[in-house]
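*Asks:* My questions are about this predicted structure, shown below with the sequence.
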Amino acid sequence: MTLASHVKIILCLFFISTPLLVPSLQAGENDQCVTQYEHGQVNWSTGTIQATGKASPLEKGINESPDAILGKAKLDARGNLINILNRIAFENESETSPPPGDTLMAGIEKLAMDAAIAEQHFTSDRAMEVTLEAKMFGGFLQLVLPEEIGEIPPLKIIPPKNDAFKPPVREPYTGLILDARGLGIQPVIYPMIVSEQGNEIYSARFISREYAVQGGVCQFACTQTLPLVAEKTGPNPLIIKGLRKGGKTNKFIVISKSDAETIEKTAERHWFMKQCRVVIVLDQ
C-alpha cells in the first residue's frame, strides 16, 4: 500500500539565555512530536510547552512552610521555561542576527509568569517538584513570527465566463501533508518548503498571520494516523515527499520539481496555505 493510500484510509476513518542540553525529538503520547530538553519539553503537535522546577527546604532545621518551598520550585520552573522559550524562538537565528529586543524578552517573561501549574508533588525530604505549562499558540507566536508573515486579504473568486464550464474531475485538496521522514528534520517555529530550483512553495507570502498565530505555521506530527492530522488538513490532503534539508538550519525542506509543479497547478493551494493547513510528518 502506498503512503498516500495509507494516509487517506486513516483520514477517512478519523475524518477528521542559558544553554541547554541538545534536545531530542521523541514520539510522545499518541505519537505526537515532542522535543525533550534538560528541564522540560515542547509538544509540537499540540503547541504545549512544559518546564519543571525543584526546590528543597532550607537546611539547619529551619521550619520552612510548604508554600515557601512551592514558591521556590515555581521560580526555578519559570526560569527553565524562559530558557526553553528563548531556545525555540531563536534557534533559527544566525550569528549576525540582531539581539532580541526588550519587547520580545518582556513578552517571553510574561508568558512564563502566566504559565499554569500542570503538576506538583513532594519528593523525598519535603522537596517540591513543579511543572509549569504554557501554550505556543497565540501571544508567543505573535511575538516571534517574522514580520514578513502578514495578513492576506480574502481571495476573490472569479466566476466562469461561460455556461460550459466543467468542474475538475478530482475533489479539491483540503490541505497539504509533507512526508519529511528520514531527512533528520527537527521542528522549528517557521519552516519553509522550497523546490529543487530554490523557488518558495510554502513561505510567508502564502501564509496569513492570523492563522499562523492561532495554530502555527504548520503542525508537526510523528505519525500519519493522528486525528489531529485530519483536523488540520481536512479529508482530502495533497501528499508529497521531502527530498532533503536546505540551508544551514532545519528551516528549509526541499521537494522535487514534479511535486512543486503539482502544488503550483493546484488552484486551491492559495486557500489552504493561507490558513496554514499544512502538516509535516517527522521520524518517531
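*Replies:* Yep, that arrived.
*Asks:* Check which helices and strands the longest strand belonging to the chain is in contact with.
*Replies:* In the chain, assigned by DSSP state E, the strand with the most residues is strand 237-246. Contact here means 3 or more Cβ pairs under 8 Å, 6 or more residues apart in numbering; DSSP states H and E; on that basis strand 237-246 packs against helix 3-14, strand 175-179, strand 252-255, helix 257-264. All C-beta atoms are positioned from the backbone trio N, CA, C, and that covers glycine.
*Asks:* can you state the direction angle for it and helix 257-264?
*Replies:* 130 degrees (axes from the mean of the first three to the mean of the last three Cα atoms, to 10 degrees).
*Asks:* Now do strand 237-246, average pLDDT.
*Replies:* Per-residue pLDDT over strand 237-246 has a mean of 92.
*Asks:* and what of stretch 216-228?
*Replies:* Stretch 216-228 comes out at a mean pLDDT of 78.
*Asks:* How about stretch 258-277?
*Replies:* On average, stretch 258-277 scores 95.
*Asks:* How about stretch 192-212?
*Replies:* 94.
*Asks:* where exactly do the helices run in the chain?
*Replies:* Counting by DSSP state H, the segments of the chain that form helices are 3-14, 66-90, 102-113, 139-144, 209-215, 227-233, 257-264, 269-274.
*Asks:* want to throw those into JSON lines with mean neighbour count?
*Replies:* As requested, those are arranged in JSON lines below (neighbours: other Cβ atoms under 10 Å):
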{"stretch": "helix 3-14", "mean neighbour count": "16"}
{"stretch": "helix 66-90", "mean neighbour count": "19"}
{"stretch": "helix 102-113", "mean neighbour count": "15"}
{"stretch": "helix 139-144", "mean neighbour count": "19"}
{"stretch": "helix 209-215", "mean neighbour count": "18"}
{"stretch": "helix 227-233", "mean neighbour count": "21"}
{"stretch": "helix 257-264", "mean neighbour count": "15"}
{"stretch": "helix 269-274", "mean neighbour count": "19"}
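*Asks:* Could you dump the ones you listed into JSON lines and include distance to P57?
*Replies:* Shown next, in JSON lines, are the helices of the chain (distance: least, Cβ to Cβ, whole Å):
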{"stretch": "helix 3-14", "distance to P57": "49"}
{"stretch": "helix 66-90", "distance to P57": "6"}
{"stretch": "helix 102-113", "distance to P57": "24"}
{"stretch": "helix 139-144", "distance to P57": "34"}
{"stretch": "helix 209-215", "distance to P57": "42"}
{"stretch": "helix 227-233", "distance to P57": "42"}
{"stretch": "helix 257-264", "distance to P57": "59"}
{"stretch": "helix 269-274", "distance to P57": "54"}
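*Asks:* can you tell me which of those helices comes nearest to C33?
*Replies:* For these, the distance to C33 is smallest for helix 227-233, at 10.6 Å, taking Cβ to Cβ.
*Asks:* Quick check: which helices or strands does the closest one pack against?
*Replies:* In terms of contacts (3+ Cβ pairs under 8 Å, 6+ apart), helix 227-233 is packed against helix 3-14, strand 175-179, strand 219-221, strand 278-281.
*Asks:* 10 Å instead, please
*Replies:* Packed against helix 227-233 by the contact rule (3 or more Cβ pairs under 10 Å, 6 or more residues apart in numbering; DSSP states H and E) you find helix 3-14, strand 175-179, strand 219-221, strand 237-246, strand 278-281.
*Asks:* So which elements touch the last one?
*Replies:* The one in question is strand 278-281. helix 3-14, strand 175-179, strand 219-221, helix 227-233, strand 237-246.
*Asks:* Tell me who's in contact with G40.
*Replies:* Residues in contact with G40 (Cβ atoms under 10 Å, 6 or more residues apart in numbering) are 20, 23, 49-53, 77, 80-81, 83-85, 87, 131-133.
*Asks:* which one is it nearest to, not counting chain neighbours?
*Replies:* For G40, ignoring the flanking residues on the chain, the nearest one in space by Cβ to Cβ, 6 or more residues apart in numbering is A51 at 3.6 Å.
*Asks:* Neighbours of that neighbour, how many?
*Replies:* By the measure other Cβ atoms under 10 Å, the count of residues near A51 is 28.
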